[in-house]
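Peer 1: Okay, structure incoming, though there's no sequence with it:
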């Protein structure tokens with residue numbers, strides 16, 4: 001996934017930024033490290049994202065949310081390609097919950113494991 005950020009705050013050029021980020025080109029380790037840094041600074045993505053209000057949040061806060069969201073998507077993709085390995089927590093999971101997760105497509109299954117906090121750790125290959 002590629003993301004382009006363009007910020008123009010004033011005609012005088014007080015703040016102007018134009019950058020292109022190719023998330024698919026990031027290594028598995030870079031993705032894991034960036035996500036870990038966000039989690040250390042802000043807690044969970046879901047709780048941080050709920051606090052963001054596009055009408056009142058700063059550009060930096062919205063930028064962090066968007067960057068973090070795309071990093072999470074790339075991490076899921078790299079899990080499916082084998083570039084990132086995972087270890088699962090030993091939390092109990094009912095047979096029904098496991099069947100429900102496994103019926104989803106693989107990308108959504110990884111997302112469901114994350115949502116239930118069942119992934120203990122991520123390892124670059």
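Peer 2: Sure thing, it's come through. All figures in this text were calculated on a predicted structure; none of them were measured in a lab.
Peer 1: C-alpha from now on. contacts and neighbour counts both.
Peer 2: OK.
Peer 1: Could I get the phi/psi values of the closest residue to residue 39 other than its chain neighbours?
Peer 2: Among residues not flanking residue 39 along the chain, residue 45 sits closest, at 7.2 Å (CA to CA, 6 or more residues apart in numbering). The phi/psi pair for residue 45 (degrees, to the nearest 10) reads phi -60, psi -40.
Peer 1: And residue 88, its phi and psi?
Peer 2: Per-residue torsions, residue 88: phi -100, psi 150 (degrees, to the nearest 10).
Peer 1: repeat for residue 120
Peer 2: With angles defined as degrees, to the nearest 10, residue 120 sits at phi -80, psi -40.
Peer 1: burial count for it?
Peer 2: Residue 120 has 13 neighbouring residues, counting by other CA atoms under 10 Å.
Peer 1: so what secondary structure elements neighbour the longest helix anywhere in the chain?
Peer 2: The single longest helix within the chain, with elements called by DSSP state H, is helix 59-81. Applying 3 or more CA pairs under 8 Å, 6 or more residues apart in numbering; DSSP states H and E, one finds that helix 59-81 contacts helix 28-42, helix 45-51, strand 84-88, helix 106-115.
Peer 1: if you average pLDDT over that helix, what comes out?
Peer 2: The average pLDDT within helix 59-81 is 91.
Peer 1: hmm, back to that, which residues does the residue nearest to residue 39 contact?
Peer 2: 39, 65, 68, 69 (CA atoms under 8 Å, 6 or more residues apart in numbering).
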